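# below: sequence and its predicted model.
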Amino acid sequence: MIRVVLYLVVVAAVAFGAVWLADRPGDIVITWPWLDQAWPRHGDIRTGLGIGLIVVIVIALATAFFFWLIAALVRSPGNVAFFLRHRRSARGYQAISRGLIAIGAGDLKAARRLAGEARRYAADEPLALLLAAQTAQLAGNRPAAEIAFRKMADHAETRLLGLHGLFVEAQRSHDAATARAVAEEAVKANPASGWAAQAVLDFRCAEHDWAGALAALDSNMKSGLIDKAAFRRGRAVLLTARALSGGDREQARTDVLDAVKLSPGLVPAAALAGRLLAEAGDTRKAARILEAAWRANPHPDLAETYAHVRPGDSARDRLARVQSLAKQSPGHAEGALAVARAAIDAREFPAARAALAPLAAAPTQRVAEMMAEIEEGDTADIGRAREWRVRAVHAARDPAWTADGFASHKWLPVSPVTGKLDAFQWKVPVAELGPPGPVIEQVAPAPVAAPSVPVPLASAIAAPSTDDAPELDGPAAREDATLPAFLSRQRRPAEAHAAETVIPLVHSPDDPGPEGELAEEPQPEGPAEPDGWWKRAFR
C-alpha cells in the first residue's frame, strides 16, 4: 500500500512539473565564441525549453552508458573468473550431495565416482573430505579413511568431525591408546562434545583412575552434558570405587560417607560405610545408614553388614537384630532370607523354617540350599537334605550383580565387558534373555504312558516323600513309590516328555523282568512220557 501511494505521488509530481513548464514557454540560447568561428552564419544556438531539456537528458544517458560500458570491459575478466568458479563450486556441491546419498544407499560404485568429481571440483571443501572418508569406510579401506579424517582434523571447521572419525577407526582397530588420545584432544578442543567427554570418562574408569574420572564427571556437569541426578549418582559410584580401592582408611571413610549422602540407596556405599563405621566404633550411625539403605533397596549385603554391625555379639543377638531389620520391609523376600540365614547360624531351625515357608512353594537356589542346611541341622535327615540339594540344582537362579551379560558375586564400579560406569544391577542374570513379545508355543503331543522305573534302580535315588503329599492308590501309587516325591509331582504334567527321555528296559526271553513271573513252557499234547537219564541211555 505504501508503494502504491509513493508511485501516485511521483506521477503527480511529474505531471505537475510538465504542466508548469507548458504554462511557462521560453527559449534557450547558447552563445560561445567557438560557435561563431565554426558556424558564422547562424551565430548563437537557440531552441525551445522542452527540446533543450530533452537534449540534456539524452546527453546524460549517453554519458552514463559510456561509463558503464568502460567499467564493464574493465571488470569482465573478474566476472568471467567468478562465473567459472561458481559453476565449478556448484558442480562440486552437487557431486558431494549425490555422493552422500549414494553412501547412505550403499552404492559404492556411484559413491566412488562422485567422490572423484567432488575431489576434482571442490577439493578444498570440508564436505569433500567427509565424502572421501565415508567412501573409504564403505569400501573397507581404513588407511584411506584415516588419512581423510586426519585432513579434516587439520581444518578448524571440521576438527571435531575428523577427531570423531579417528576415534571410531581406533575403536574398530582395538587401539585403546589412540582412541583415548583422540578423545582427550577432542575434549580439549570442545569440552561440550558429548561423545568425547563420555569416552574420556569411560577410559579413566576402565583404568581405575578414580581421581581423573571424578574430574571428568565434574567437567561434564559444568558443560551441561548430564543432569544433576545422574551427576550425583555417578559421583557416589566413583567415590565408593575409590574407597574400595584401599589406601587410607580415613580417606576411604570420608569418601564413602560422601557417597551415601549423594545416593543413600547405593547398596555398596551403604554396606562399606556400615563396616567402616562399625570398625571405628560408631555403631549407631552405621545402623542408621544401613537401615535407610535397606528401606530403599533390601539387599543381602546390607543384612549381613547389619547383623555384624556390633562386633562380639552372639548369634542369637544377630538374629534379633536381623529380625528387626526385616520388619522394616515387610513381605520382601530378602528380609525372609536374611532372617533364615541368621536363624541357621544361631541354630534356631524352627525360626528359619518359618521364615522360608512362604518361599518354599517355588524355591530359588538360595532357598533350596538353606532348606537343605535346615534338614541336616534340625532333623539330620540326609535323604531330605539331598532332595533339597537336587532341587537347588534345577531351581530358579537368585538375583546377582549383573552387567552386560556378566554376573559377578560382588559389586564392581564399572563393567568388565564395556567399561561403562555404574553398569551393575541387582537382578536375575537370565531375566533379560526372555522374549520381548508373545511366544508361539508348540502344542504338546498326546500323552504316552511312561514305563515304570524298577525298584532296584529307584533305590539308588534315596529320598523320602514329603509329609503333605497326597496318598494314591493303584498303579500311580506304585509308580510314585519308586521315585522321590518331588520328581513324581513334577513328572505328571509332562508325561510325553518322560516317555521320550526314559529308556524302557528290554527283557531277554528267559528274564521275567523285575516284576514278571516265569512263563510256563509249552507242553506237548498227549500223555506224559517218563523222561530221565535211563530213558536216553536205553533209546
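Sure thing, it's come through.

# show me what the helix or strand harbouring A259 is packed up against.
Using DSSP states H and E, A259 maps to helix 249-262. The helices and strands touching helix 249-262, judged by 3 or more CB pairs under 8 Å, 6 or more residues apart in numbering; DSSP states H and E, are helix 228-244, helix 267-280. Where C-beta positions appear, they are placed from N, C-alpha and C, glycine not excepted.

# pull it out as PDB, backbone CA atoms only.
Provided in PDB are the C-alpha atoms of helix 249-262 (Å, rounded to 0.1, in the frame of the first residue of the first chain):
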ATOM      1  CA  ARG A 249      41.100 -45.700  55.900                       C
ATOM      2  CA  GLU A 250      40.200 -42.200  57.000                       C
ATOM      3  CA  GLN A 251      40.000 -41.100  53.300                       C
ATOM      4  CA  ALA A 252      38.000 -44.100  52.500                       C
ATOM      5  CA  ARG A 253      35.600 -43.400  55.300                       C
ATOM      6  CA  THR A 254      35.200 -39.800  54.100                       C
ATOM      7  CA  ASP A 255      34.600 -40.900  50.500                       C
ATOM      8  CA  VAL A 256      32.100 -43.500  51.400                       C
ATOM      9  CA  LEU A 257      30.100 -41.100  53.700                       C
ATOM     10  CA  ASP A 258      30.000 -38.500  50.900                       C
ATOM     11  CA  ALA A 259      28.800 -41.200  48.600                       C
ATOM     12  CA  VAL A 260      26.000 -42.200  51.000                       C
ATOM     13  CA  LYS A 261      24.900 -38.500  51.200                       C
ATOM     14  CA  LEU A 262      24.800 -38.300  47.400                       C
END
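
# the inter-axis angle of that helix versus helix 228-244?
160 degrees (axes from the mean of the first three to the mean of the last three CA atoms, to 10 degrees).

# may I see the buried residues of helix 249-262?
A252, R253, D255, V256, L257, D258, A259, V260, L262 (16 or more other CB atoms under 10 Å).

# report the rounded mean pLDDT for it.
For helix 249-262, mean pLDDT rounds to 92.

# what residues does it touch?
Residues from elsewhere that reach helix 249-262 (CB atoms under 8 Å, 6 or more residues apart in numbering): 232-233, 235-237, 239-240, 242-244, 246, 266, 269-270, 272-273, 276-277, 279-280, 289, 293.

# let's see that with 6 Å instead.
Here helix 249-262 makes contact (CB atoms under 6 Å, 6 or more residues apart in numbering) with 232, 235-236, 239-240, 242-243, 269-270, 272-273, 276, 289.

# stretch 236-245 too?
210, 213-214, 252, 255-256, 258-259, 262-263, 266, 268-269, 413, 422.

# ok, now stretch 206-222?
191, 197, 200-201, 204-205, 226, 231, 234-235, 238, 241-242, 419.

# how about 8 Å then?
187, 191, 197-198, 200-201, 204-205, 226, 228, 231, 234-235, 238-239, 241-242, 245, 414, 419, 421.

# which of these count as buried?
Buried among the contacts of stretch 206-222 (16+ other CB under 10 Å): 187, 191, 197-198, 200-201, 204-205, 226, 231, 234-235, 238-239, 241-242, 414, 419, 421.

# where does the protein have low pLDDT?
24, 30-45, 430-539 (pLDDT under 70).

# what about the strands in it?
27-30, 45-48, 400-403, 406-408, 425-427 (DSSP state E).

# centroid residue for this protein?
Geometric centre of the chain, nearest residue: D404, 8.3 Å, by CA atoms, centre = their mean.

# how about it, phi and psi?
Main-chain torsions, D404, degrees, to the nearest 10: phi 50, psi 40.

# from L319, how far out is the nearest residue to A396 once chain neighbours are set aside?
Leaving out its chain neighbours, the residue that sits closest to A396 by CB to CB, 6 or more residues apart in numbering is T364, at 5.0 Å. Per CB to CB, to the nearest Å, T364 is found 22 Å from L319.

# between these two, which is the more surrounded one?
A count of neighbours by other CB atoms under 10 Å puts L319 above the other of T364 and L319, at 25 against 18.

# thought the more buried one was touching R347?
No. Counting by CB atoms under 8 Å, L319 stays clear of R347, with 9.8 Å between them.

# all helices of the stretch 251-400 of the chain, in order?
267-280, 283-296, 300-307, 315-326, 333-345, 349-356, 365-374, 382-394 (DSSP state H, counting those that start in this stretch).

# make a markdown table out of the ones you listed and add distance to W68.
Below are these laid out as a markdown table (distance: least, CB to CB, whole Å):
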| stretch | distance to W68 |
| --- | --- |
| helix 267-280 | 82 |
| helix 283-296 | 84 |
| helix 300-307 | 90 |
| helix 315-326 | 97 |
| helix 333-345 | 92 |
| helix 349-356 | 103 |
| helix 365-374 | 96 |
| helix 382-394 | 98 |
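
# return the most buried member of the helices and strands packed on helix 249-262.
Here the criterion is mean neighbour count by mean count of other CB atoms under 10 Å, and of those the winner is helix 267-280, at a mean of 23.

# specify the angle between it and helix 228-244 in degrees.
Going by the same axes, to 10 degrees, helix 267-280 makes 40 degrees with helix 228-244.

# tell me the gap between helix 267-280 and the middle of its chain.
Relative to its chain's centre, helix 267-280 lies at 31 Å (CA atoms, centre = their mean, to the nearest Å).

# give me the contact list for that helix.
By CB under 8 Å, 6+ apart, helix 267-280 touches 236, 239-240, 243-244, 249, 252-253, 256-257, 259-260, 263-264, 283, 285-287, 289-290, 292-293, 297, 299, 301-302, 304-306, 308-311, 411, 426.
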